[in-house]
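Engineer: Kindly return the folded structure for what I paste below:
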Amino acid sequence: VLPTLTPAALAAAAPRLAALPAEPALRLAALYYGQPTDGLYTLRLPGDVLRTAIRLARPAPAPATLAEARRLVGHEGAAGAKRRLCLLAALGEEVAQAQQWLALIEREGLCCRREELAINGRTLAAALPGLRGPAVGRLLAALLEEVIEDRVENTQQALLSAARRLQP
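Structural biologist: Here you go, the predicted model:
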């Protein structure tokens with residue numbers, strides 16, 4: 001019934017499935033973790049379920065640092081990061097520290113995405129004459145990395161100071 005999944009792979013995945021909530025995308029990801037997912041498109045499932053399953057089925061380790069956890073939340077959102085950790089736990093990986101980091105990120109409201117920066121592109125361009133177009137986006141990305149790595153505080157003043165330092 002499940003395309004490209006061998007009986008041996010299905011048998012190996014059975015213990016993983018028992019450890020997961022009954023969420024279709026999560027269970028499909030557990031079945032196909034590290035396996036080719038091309039055949040999943042033949043299943044008649046909602047597109048968001050398939051996209052989530054395919055993304056989660058790509059092997060990725062649990063975050064090893066708070067900065068990596070923040071990048072994961074920035075990339076997949078808080079719910080997506082929790083799903084990934086749930087899957088990794090079912091696969092037998094140690095995720096307790098990463099789960100604590102996710103809780104800290106939520107509790108403290110730590111910045112994980114460009115939209116959460118205390119500065120936006122318009123403010124940045126207005127403060128730095130000559131900064132235009134793609135250069136604004138690259139500088140915002142660099143500022144986000146500085147915030148994620150805890151090298152710069154997420155305040156407008158600190159970000160403007162860092163932008164002046166980072167600007168080419």
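
Engineer: Point out where this protein drops to low pLDDT.
Structural biologist: Applying pLDDT under 70 to the chain flags residues 1-3, 168.

Engineer: For the chain, give the helix that spans the most residues.
Structural biologist: Identified as the longest helix of the chain according to DSSP state H is helix 66-90.

Engineer: For the protein, which segments count as helices?
Structural biologist: Ranges of helices in the chain, per DSSP H, are 7-18, 24-32, 47-57, 66-90, 96-108, 121-127, 134-148, 156-166.

Engineer: contacting residues for the closest residue to Glu23 other than its chain neighbours?
Structural biologist: Among residues not flanking Glu23 along the chain, Arg83 sits closest, at 7.6 Å (CB to CB, 6 or more residues apart in numbering). In short, each C-beta sits where N, CA and C put it, glycine included. Residues in contact with Arg83 (CB atoms under 8 Å, 6 or more residues apart in numbering) are 23, 25-26, 52, 56, 76.

Engineer: Narrow those residues to those that are buried.
Structural biologist: Buried subset of those (neighbour count, 16 or more other CB atoms under 10 Å): 25-26, 52, 56, 76.

Engineer: May I see these organised as JSON lines, with distance to Gly34 added?
Structural biologist: As requested, those are exported to JSON lines (distance: CB to CB, whole Å):
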{"residue": "Ala25", "distance to Gly34": "16"}
{"residue": "Leu26", "distance to Gly34": "15"}
{"residue": "Thr52", "distance to Gly34": "16"}
{"residue": "Leu56", "distance to Gly34": "11"}
{"residue": "Glu76", "distance to Gly34": "18"}
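
Engineer: Wait, Leu159 touches Leu117, no?
Structural biologist: Yes: shown here, Leu159 and Leu117 form a contact pair, counting by CB atoms under 8 Å, at 6.5 Å.

Engineer: neighbour count winner among the two?
Structural biologist: Between Leu159 and Leu117, counted using other CB atoms under 10 Å, Leu159 has the larger neighbour count: 25 against 21.

Engineer: Quick check: that one vs Ala69, distance?
Structural biologist: Distance, Leu159 to Ala69, by CB to CB, to the nearest Å: 21 Å.

Engineer: still on that earlier bit, out of the helices of the chain, which one sits most buried?
Structural biologist: Among these, the stretch with the highest mean neighbour count (mean count of other CB atoms under 10 Å) is helix 24-32, at a mean of 21.
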